[in-house]
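Chemist: Sequence plus predicted model, see below.
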Amino acid sequence: MNLLEPDERAAIRAFLQRSEVRLSTVHRVATALLSGAGLMVLLPAIARDSIVSVISALLSDDLDLAHLCLIGAMVALLTLPCAALWLVLRDLTLFYFHAQHVVHDGSEVFTPRFTLTAIRLPADEIDADTRHSLQEVRTAPSSVELLVPSNEAARARIDRQLDAYGGLGRHDFDGDLGRAQGLFELAASRDRALIEEVAKIEHGMARHILRLQVIVLRYVKALLAFITTALAVFTASAVLSDVDSVGPPQELWLVAITVLWAPSIVAVVAAPVRWLDQLLRSEGARRSSAANDPELTKVERIAEWAAGVAWVLAAIALVAVIADGDAPQEGIVATVGAAIVGGGLLIWQVARRFRARSLR
């Protein structure tokens, strides 16, 4: 490897410092999303106070076909925001952890590691004599003890952890030094040259940014899904708040709420990608491929399935209510109209997304 000039070293060090600041900012954004303040406030209100009261009211009466379908529709309402939250938490987990490939004596093993690796002094920052002195200090018992406590319980715990990954570097050295070497490898702490640190942080930065933009977009979609579902569930809870039993009028209300929620939720979760598309077009883009990105549109596909299932169950409940013959005629007409409008909007929303994808 070519020796670096002093000004080149200074430039690399300045770049690494700026990169550390940028990584810190990225991780602060991810930490804010991990707290999930908006979602955590809405979830108990929907799941405990409202959706439970609606399902309890439906279960308190005879479980006929209409009630069973409405219970299924209420569950479908809650499925989408919970699925969106699940994806956000999964993406945050994958954001904070990464896979590393370790090879020892021809055998390979993959281990998980935190996305920020441990670091060592770059190998070319000091001369050979200083490197030798540093290595002696690194392997000194007083230094190794900082990582591997000198008690049998701690050693046994570390051995079990390293044995799960084939022992790692423990087999290259004896005793506590081998354990320390294995823990260094679990933390992805390796001797690198200064220029290798640059390549590492460049690739790591790109990985962070690409994953964080998906997480932010899915968080926005999850929040919009929670808000939309909360409005539907709160309305359903209000319909059943002052009644002793769920009769045909209340059943028609629940059907109307569900069939109108279905197209609304599909439109709402697709809105962030449409905003991105409008942003790109406002900058002069004639075509946009955001809607073709499977990572950016995964929530939309789940929303279409959840909305379709909820609409179908509500439609079956509507047919069952009409077949009983006890529902008011004006309520039936209004609910049928809502079902037709909701179904048409749902089909239009799905067709619009597929048509937009094909045009891109």
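Modeler: Looks like it came in fine. This structure is a prediction, so every number in the text was calculated from the model and none was measured. Residues are numbered from 1 along each chain as shown.

Chemist: In the protein, where is pLDDT below threshold?
Modeler: Along the chain, segments meeting pLDDT under 70 span 1-2, 35-50, 105-106, 355-360.

Chemist: how does it divide into domains?
Modeler: 36-96+205-359, 98-199 (automatic domain parsing).

Chemist: With mean neighbour count added, can I get those in TSV?
Modeler: C-beta coordinates here come from the backbone N, C-alpha and C atoms, glycine included. Formatted as TSV, the domains of the chain follow (neighbours: other C-beta atoms under 10 Å):
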stretch	mean neighbour count
domain 36-96+205-359	18
domain 98-199	15
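
Chemist: Dump those to JSON lines, plus distance to Arg22.
Modeler: Conversion of the domains of the chain to JSON lines gives the following (distance: least, C-beta to C-beta, whole Å):
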{"stretch": "domain 36-96+205-359", "distance to Arg22": "7"}
{"stretch": "domain 98-199", "distance to Arg22": "13"}
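
Chemist: Out of those, which is closest to Ile12?
Modeler: Set against Ile12 and scored by C-beta to C-beta, these come closest in domain 98-199, at 5.5 Å.

Chemist: what's the span of that closest one, first residue to last?
Modeler: End-to-end distance for domain 98-199, by C-alpha to C-alpha, to the nearest Å: 17 Å.

Chemist: roughly how far is that domain from the heart of the chain?
Modeler: 31 Å (C-alpha atoms, centre = their mean, to the nearest Å).

Chemist: just checking, Ala303 touches Ala267?
Modeler: No. Using C-beta atoms under 8 Å, Ala303 is not in contact with Ala267, being 9.2 Å away.

Chemist: if we look at stretch 104-118, which residues are touching it?
Modeler: 23, 27, 95-103, 165-169, 171-172, 184-189, 200, 204, 207-208 (C-beta atoms under 8 Å, 6 or more residues apart in numbering).

Chemist: And for stretch 92-99?
Modeler: By C-beta under 8 Å, 6+ apart, stretch 92-99 touches 30, 33-34, 110-115, 207-208, 211-212, 215.

Chemist: In helices only, show me those residues.
Modeler: When these are checked against helices (DSSP state H), the matches are Ala30, Leu33, Leu34, Arg207, His208, Arg211, Leu212, Ile215.

Chemist: Tell me which two of the residues you listed sit farthest apart.
Modeler: Leu34 and Arg207 (17.6 Å).

Chemist: can you give me the helices in this structure?
Modeler: 6-35, 37-44, 51-60, 65-96, 128-138, 141-144, 152-163, 175-186, 194-239, 248-282, 298-324, 329-359.

Chemist: nearest to Pro122, of those?
Modeler: Here helix 194-239 is closest among the helices of the chain (C-beta to C-beta), at 4.2 Å.

Chemist: Mind giving me the packing neighbours of that closest one?
Modeler: Packing partners of helix 194-239 (3 or more C-beta pairs under 8 Å, 6 or more residues apart in numbering; DSSP states H and E): helix 6-35, helix 37-44, helix 51-60, helix 65-96, helix 248-282, helix 298-324.

Chemist: Any idea which of these gets closest to Gly344?
Modeler: Of the helices and strands packed on helix 194-239, the one closest to Gly344 (C-beta to C-beta) turns out to be helix 248-282, at 8.1 Å.

Chemist: for Thr235, what are its contacts?
Modeler: Ile257.

Chemist: And it, how far from Ala315?
Modeler: 19 Å (C-beta to C-beta, to the nearest Å).

Chemist: likewise Phe110?
Modeler: 48 Å.

Chemist: what sits against Ser150?
Modeler: Counting by C-beta under 8 Å, 6+ apart, Ser150 has contacts Asp176.
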